[in-house]
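Enquirer: the following comprises the amino acid sequence and a computationally predicted model.
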Amino acid sequence: MVTELLFYFLSFVAVLCAIMMVFAKNPVHSILYLIATFFAIAGHYFLLNAQFLGMVHIIVYAGAIMVLFLYVIMMLNLNEEVEPIKSKYQKIAATVAGGLLMLVMVASLRDAEIKTHLPGNEDIGLVSALGNTLFNDYLLPFELSSILLLSAMIGAVFLSKK
Amino acid sequence: MELLPNITIYHYVILSIVLFCIGAIGVMVRRNALIIFMCIELMLNAVNLLMVGFSRMWGDGKAQVFVFFIMAVAAAEVVIGLAILMMVYRNQETTDIDVLNKMKW
């Protein structure tokens, strides 16, 4: 009962803040709404017993990526006055197109029956279980991702140099 | 099959679709390149949420490892994307994608 209510509450917060993010005029408000959405999604991860991912999600997204976005917005000095706005017809057309996409996906999955179900382990999302999977089966991709992050760092420094 | 009491995988599928489509609408509605970037992040997160839901459904931790890698790639992507955006702003004094159409065919 409590988890059910929590699911609907978190979903409501996530969807509402996502909509507000898209339609907020001020870019800073958009970012703050997106942070709220990310916290709601992290709550979903905790609800699904994926504690490690929930924690990483908060640290990486709310902690690092969104701070980066905020910094960039402050450096570019974007605000409501300089915010470009599309014409009304373009907005309506885009919303209708996105709504149709949603309708098609929901309708196509409506009758999808999930027949097979393997009885699973509840503790897969804990740090120890996930660490075992990561370092036993996916050690090489893990090391490669460190190279990816390093090259991203070098690329960012190189790009932002004059 | 219930992941949580009264909550099936189907609820998560619907939630992910809704979040993904809001992100897609945002990409089409907005003209500020920075906001479009944020909408793409939202779409990535919708997919991540679905992956974690399916991971719980099958009781397999491998999908969560994939989500972990997606997060690492997303972080790298954001860094590079924002650096490019800064360069564009330095040269063009705008982040409006309707002005940045030099590569348009």
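Expert: Arrived safely, thanks for sending.
Enquirer: so the residue nearest the centre of chain A, which state does it fall into?
Expert: Nearest to the mean C-alpha position of chain A, counting by CA atoms, centre = their mean, stands residue A:38 at 5.6 Å. Put simply, residue A:38 is helix when judged by DSSP: H, G, I helix; E, B strand; the rest coil.
Enquirer: pLDDT score for it?
Expert: pLDDT, residue A:38: 94.
Enquirer: quick check: it touching residue A:66?
Expert: Yes - counting by CB atoms under 8 Å, residue A:38 does reach residue A:66; the two are 7.1 Å apart. C-betas here are computed from N, CA, C, even on glycine.
Enquirer: name the spans of the chain whose pLDDT lies under the cut-off.
Expert: In the absence of a named chain, this looks at chain A. A:113-122, A:162 (pLDDT under 70).
Enquirer: wait, chain B was what I had in mind.
Expert: Using pLDDT under 70, chain B drops low at B:1-5.
Enquirer: neighbours around the residue of it found nearest chain A, how many?
Expert: Residue nearest to chain A within chain B (CB to the nearest CB): residue B:59, separated by 1.2 Å. For residue B:59, the neighbour count with other CB atoms under 10 Å in any protein chain shown is 14.
Enquirer: dihedrals phi and psi, it?
Expert: phi 60, psi 40 (degrees, to the nearest 10).
Enquirer: likewise for residue B:8?
Expert: phi -100, psi 180.
Enquirer: how near is it to residue A:62?
Expert: Note on residue B:8: its distance to residue A:62, by CB to CB, to the nearest Å, is 28 Å.
Enquirer: can you check residue B:88 too?
Expert: 26 Å.
Enquirer: my guess is residue A:159 contacts residue B:84. True?
Expert: Yes - Residue A:159 is in contact with residue B:84 according to CB under 8 Å; the separation is 6.2 Å.
Enquirer: between these two, which contacts overlap?
Expert: Common neighbours of residue A:159 and residue B:84, using CB atoms under 8 Å, 6 or more residues apart in numbering or on different chains, do not exist here.
Enquirer: residue B:94 - how many residues pack around it?
Expert: Residue B:94 is flanked by 18 other residues according to other CB under 10 Å.
Enquirer: ok, residue 45 - contacts?
Expert: You didn't say which chain, so I picked chain A. Per CB under 8 Å, 6+ apart, neighbours of residue A:45: A:51, A:53-54, A:57, A:125, B:49, B:52.
Enquirer: wrong one, chain B
Expert: A:37-38, A:41, A:61, B:19.
Enquirer: heading C-terminal from the one helix or strand it maps to, find the next helix or strand.
Expert: Residue B:45 belongs to helix B:33-58 when elements are defined using DSSP states H and E. Beyond helix B:33-58 on the C-terminal side, the first helix or strand identified by DSSP H and E is helix B:62-92.
Enquirer: quick check: buried residues in that following helix?
Expert: Residues of helix B:62-92 classed as buried by neighbour count (16 or more other CB atoms under 10 Å in any protein chain shown): B:62-72, B:74-79, B:81-83, B:85-86, B:88-89.
Enquirer: same check on stretch A:155-162?
Expert: Across stretch A:155-162, burial judged by 16+ other CB under 10 Å covers A:156, A:159.
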